[in-house]
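Peer 1: sequence and predicted structure are below.
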Amino acid sequence: MFHIRLLTLILMVLSLTSHAQSSREFRANHLVGLDLVLSPASLPFPGSRGAAVNFNLSPNWQVGVDYMSTGFEVNFSKLNLAGFNEKNVGIKARRFFGNSFNFTFGYVRRTNEVYLDPNVYGFSVSDVQFRTEAHANMLHLALANHWQINNWSLALNWLTMNLPLGGKVTQSAADQTDDADYKEDIRKAENVLTWYPNVAALTLSAGYMF
């Protein structure tokens, strides 16, 4: 809620500020921007944050790379998780329509690392690091506005979606048991990590353009 109030205040100030150049004109005359990114309303795991580097190819086109991560304790599917980390690395292209409104598309590689409580499965794994690791290849789509206030950048992504195209569990907790039933249950739960989508109703970014 604090971030939304702060953003509203910034937008009100910006609306009262006259600019030497429009955002479109500024992109035409500058090459690269660095941004910090926060997604307080992302699903299924909120609070993702990271950084992005964007390159202006023209007033209408940007390309960029970004990194986002989140992590916390959570119960998910059949897994009683002791810890969860999600990391996203993206390569994206942004098409501007006019001054600030834009559509972004690209590729995201998501990796997950899950630390499990082995007691949920009813067998001992003492002296074994009990974890699941997985990755997914994602299609990225987003609608946003990006503004320039002199060299300072401000952006609102109104809707962001990362849609899974495929994935793989690269390290399975099922390898720690010889019980076939346990293996099947664990692997079914772990496979969720390869196909769940990411959706954000609001993503904020701010930075500086050189």
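Peer 2: Received the coordinates, thanks.

Peer 1: residues contacting Thr160?
Peer 2: Ser39, Ser42, His140, Leu141, Ala142, Ala144, Asn198, Val199, Ala200, Thr203 (C-beta atoms under 8 Å, 6 or more residues apart in numbering). C-betas here are computed from N, CA, C, even on glycine.

Peer 1: in the sheet, which strands lie alongside the helix or strand harbouring it, parallel or antiparallel?
Peer 2: Using DSSP states H and E, the element containing Thr160 is strand 152-171. Partners of strand 152-171 in the sheet, by DSSP bridges, are strand 131-149 (antiparallel), strand 198-200 (antiparallel), strand 203-209 (antiparallel).

Peer 1: can I get those strands in TSV with mean pLDDT?
Peer 2: Formatted as TSV, those follow (pLDDT from 0 to 100):
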stretch	mean pLDDT
strand 131-149	95
strand 198-200	96
strand 203-209	96
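
Peer 1: quick one: those as a markdown table, columns for distance to Tyr182 too.
Peer 2: Putting those into a markdown table (distance: least, C-beta to C-beta, whole Å) gives the following:
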| stretch | distance to Tyr182 |
| --- | --- |
| strand 131-149 | 14 |
| strand 198-200 | 29 |
| strand 203-209 | 39 |
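
Peer 1: export these to JSON lines and tack on distance to Gly166 and mean neighbour count?
Peer 2: Below are the strands paired with strand 152-171 laid out as JSON lines (distance: least, C-beta to C-beta, whole Å; neighbours: other C-beta atoms under 10 Å):
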{"stretch": "strand 131-149", "distance to Gly166": "5", "mean neighbour count": "19"}
{"stretch": "strand 198-200", "distance to Gly166": "15", "mean neighbour count": "19"}
{"stretch": "strand 203-209", "distance to Gly166": "24", "mean neighbour count": "19"}
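
Peer 1: for His30, which of these is the nearest?
Peer 2: strand 203-209 (5.0 Å; C-beta to C-beta).

Peer 1: I am finished for the moment; much appreciated.
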